[in-house]
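Colleague: Here is the input, now give the coordinates:
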Amino acid sequence: MQCKAGIAPGVTDTAPNVKLIPTTPLAIPDYRRFWIARLFSVVATSGMVVILGYQLYDLARSDYGMSIAGAAFQLGLLGLAQFLPLFLLTPVAGVVADRFDRRMVAGLALCLDMMIALALAIATQSGMLTLPLLFGLAALHGTARVFIGPALSSIAPNIVPAELMPKAIAINSMAWQIGSVGGPAIAGLLFSGHPSLPYWTSTVLLTLSATAVFGIRRIPPPPGNRDTHPVRQIREGLSFVWNDRFLLGCVTLDLFAVLLGGATALLPVFARDILMVNGQPVGADGLGIMRAMPGAGAALVAFILSRRPITSNVGNKMLLGVAVFGVFTIGFGLSTNYYLSLLMLAGIGAGDMVSVFIRSTLVQLHTPDGVRGRVSSISGLAISASNELGEMQSGVAAALLGAVGAVIVGGVGAIAVTAIWFVFFPELKNARTFAARYRSS
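Modeller: Residues are numbered from 1 along each chain as shown. Now for the predicted structure:
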């Protein structure tokens, strides 16, 4: 029996119990749970990380008597502390996401992150914060994230039809960016009430996020993955990405561009010691708004893309997004006006959102379901490496060049990476549409 367009296979449009293919991912109950889980987790973790970085920098300056350069270097070490677990455990996390029920893996990892937020809340409330404690909890946070990322991101293709994936990616990005806007801003305001309040809030939100994930229907692992030795699966995942120049170009573009161009790691320095309003440093409240602005710019772009997704010349537009990211990074470094700096940060988020939307969609639709968890983990490692190692690079560069010089050089580096990838990965610029090579099982 042939199906009419828009009708699920195996049924007709006159059958009494027909379920038409939805026109939006939000019509799918499991996707709504997935979206809520993503939103709450991003609000919780983005706010938590902002306050953790500010507390570490302030603690280094006040209690440990470090200079601006020395405290900025501690921010770099904080990024390294979060990255090391990601680097060591990413291959394992990818295999776990491909061998077990992905919702259980993501839910349990969210529970671990909730316990980390609870520990930070208790330590802050009781005045027991030290640099070693902050570094240790940051490393545990990195451990939780390494399992959340590949498991959670691999769920969407299993609950959303392939033809709705571009819309789903855009709506996913809206959850991410709304959380990235709301999390830091809310955390900054809560911090002014009491430094422990952001962590108590994160504890509640992560609990709700885990509950939403556990509510998604069971997702059996792809067939055959439980029969293959885990070490062989790790090799297969790495080999798949390495031998697919298209995926390799997508993954490494973000890695090197954000690695060089990440300005957000140094925002505590700008908030405490550089940007002023009425002659006073903008402080923790200003830092929360600054951290929210890239998300605000990205959320606006994500909303536009959810209504009118990019459908043509996707590769060139992805590269252009990275270049725009670099230009606004340079603008932020050059700005001495707080409000202009906020505008530059919004531009950074807007450019990054275009690139992330296209790259995420391409990676999901150009990966077979049997290795999607491993490919997602490798992609997640690249993102985390660009963020956390970018923080390390920014901290070292700030110690050598100053915070302003480090940001400007990083922006120039992001533009240079775009030009290099344009030449050496022609597969990217030649990508015209989101046509999927593989279908989800």
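Colleague: now whichever strand or helix holds residue 417: how far from the chain's centre is it?
Modeller: Element membership for residue 417 (DSSP states H and E) is helix 390-424. Its chain's average C-alpha position is 19 Å from that of helix 390-424, according to CA atoms, centre = their mean, to the nearest Å.
Colleague: wait, residue 212 sits on residue 31?
Modeller: No. Residue 212 lies out of contact with residue 31 (CB atoms under 8 Å); the separation is 11.2 Å. Every C-beta, even on glycine, is put in place using the N, C-alpha and C of the backbone.
Colleague: Tell me which stretches of the stretch 301-441 of the chain form helices.
Modeller: Along the stretch 301-441 of the chain, the segments classed as helices by DSSP state H, counting those that start in this stretch run 314-334, 338-365, 372-384, 390-424, 426-429.
Colleague: what does the stretch 151-300 of the chain give?
Modeller: 156-159, 165-193, 197-214, 230-243, 245-261, 267-269, 283-307.
Colleague: quick one: which of those is nearest residue 92?
Modeller: Among those, helix 230-243 comes nearest to residue 92, with 7.6 Å by CB to CB.
Colleague: ok, residue 219 - contacts?
Modeller: Residues counted as contacts of residue 219 (CB atoms under 8 Å, 6 or more residues apart in numbering) are 101, 102, 103, 155, 158, 159.
Colleague: same question, residue 288
Modeller: 50, 184, 185, 186, 187, 188, 189, 191.
Colleague: Can you name the residues that contact residue 181?
Modeller: 292, 293, 295, 296, 299.
Colleague: Packed most tightly, which of the helices of the stretch 301-441 of the chain would that be?
Modeller: The highest mean neighbour count among the helices of the stretch 301-441 of the chain, using mean count of other CB atoms under 10 Å, belongs to helix 372-384: a mean of 26.
Colleague: tell me the mean pLDDT over it?
Modeller: Average pLDDT, helix 372-384: 62.
Colleague: got it, and stretch 154-167?
Modeller: 78.
Colleague: how long is that stretch end to end?
Modeller: End-to-end distance of stretch 154-167 (CA to CA, to the nearest Å): 16 Å.
Colleague: Show me which parts of it are buried, residue by residue.
Modeller: Buried residues in stretch 154-167, counted by 16 or more other CB atoms under 10 Å: 154, 155, 156, 157, 158, 159, 160, 162, 164, 165, 166, 167.
Colleague: Mind checking the helices of the stretch 151-300 of the chain for the one nearest to residue 37?
Modeller: Using CB to CB, the helices of the stretch 151-300 of the chain put helix 197-214 closest to residue 37, at 3.9 Å.
Colleague: between that closest one and helix 283-307, how big is the angle?
Modeller: For helix 197-214 against helix 283-307, the angle by axes from the mean of the first three to the mean of the last three CA atoms, to 10 degrees is 30 degrees.
Colleague: Not counting its neighbours along the chain, what's nearest residue 35?
Modeller: Counting by CB to CB, 6 or more residues apart in numbering, residue 35 lies nearest to residue 175, which is 5.3 Å off, once chain neighbours are set aside.
Colleague: Go ahead and confirm that neighbour touches residue 33.
Modeller: No. With contact defined as CB under 8 Å, residue 175 does not reach residue 33; the gap is 11.9 Å.
Colleague: what sits against the closest residue to residue 181 other than its chain neighbours?
Modeller: Leaving aside its chain neighbours, residue 181 sits nearest to residue 295 (3.8 Å; criterion: CB to CB, 6+ apart). For residue 295, the contact set (CB under 8 Å, 6+ apart) comprises 46, 176, 177, 178, 179, 180, 181, 182, 183, 184, 349.
Colleague: Distance of residue 295 relative to residue 58?
Modeller: 23 Å (CB to CB, to the nearest Å).
Colleague: Could you pull up the residues touching residue 417?
Modeller: 253, 256, 257, 260, 322, 326 are the contacts of residue 417 under CB under 8 Å, 6+ apart.
Colleague: That should have said residue 264, apologies.
Modeller: Going by CB under 8 Å, 6+ apart, the list of residues near residue 264 reads 291, 294.
Colleague: How about residue 298?
Modeller: Residue 298 touches 173, 176, 177, 180, 349, 350, 352, 353, 356, counting by CB under 8 Å, 6+ apart.
Colleague: List just the nearest of these to residue 97.
Modeller: Using CB to CB, the shortest approach to residue 97 within the contacts of residue 298 belongs to residue 176, at 18.7 Å.
Colleague: is it true that the closest one touches residue 43?
Modeller: No. Counting by CB under 8 Å, residue 176 sits too far from residue 43 to count as a contact (10.0 Å).
Colleague: and the two? which has more neighbours close in?
Modeller: Taking other CB atoms under 10 Å, residue 176 and residue 43 do not tie; residue 43 has more neighbours (26 against 22).
Colleague: Just to check, the more buried one is in contact with residue 179?
Modeller: Yes. With contact defined as CB under 8 Å, residue 43 counts as touching residue 179 (4.2 Å).
Colleague: Compare the contacts of residue 295 and tell me which has the most neighbours.
Modeller: Going by other CB under 10 Å, residue 183 tops the contacts of residue 295 with 31 neighbours.
Colleague: Could you check how far that residue is from residue 315?
Modeller: 31 Å.
Colleague: re earlier: so among the contacts of residue 298, where is pLDDT lowest?
Modeller: Scoring the contacts of residue 298 by pLDDT puts residue 177 last, at 69.
Colleague: Quick check: which helices or strands does the one helix or strand residue 35 maps to pack against?
Modeller: Per DSSP H and E: residue 35 is located in helix 29-62. Using 3 or more CB pairs under 8 Å, 6 or more residues apart in numbering; DSSP states H and E as the contact definition, the elements that helix 29-62 packs against are helix 68-99, helix 102-125, helix 131-153, helix 156-159, helix 165-193, helix 197-214, helix 267-269, helix 283-307.
Colleague: And for residue 117, nearest residue in space, chain neighbours not counted?
Modeller: Looking at residue 117 with CB to CB, 6+ apart, the closest residue is residue 202, at 4.0 Å.
Colleague: need the contact list for that neighbour.
Modeller: 44, 45, 47, 48, 114, 117, 120, 121, 187.
Colleague: Pull up the gap between it and residue 432, please.
Modeller: 42 Å.
Colleague: for residue 289, same thing?
Modeller: 39 Å.
Colleague: Now for the nearest residue to residue 89 once chain neighbours are set aside, how many residues are close by?
Modeller: Once flanking residues are discounted, residue 89 sits nearest to residue 146: 4.7 Å by CB to CB, 6+ apart. Applying other CB under 10 Å, we find 28 residues neighbouring residue 146.
Colleague: what number of residues lie near residue 51?
Modeller: 27.
Colleague: OK, contacts around it?
Modeller: 187, 188, 191, 195, 198, 199, 284.
Colleague: can you rerun that using 10 Å?
Modeller: 120, 124, 183-184, 187-188, 190-191, 195-199, 202, 284, 287-288, 291 (CB atoms under 10 Å, 6 or more residues apart in numbering).
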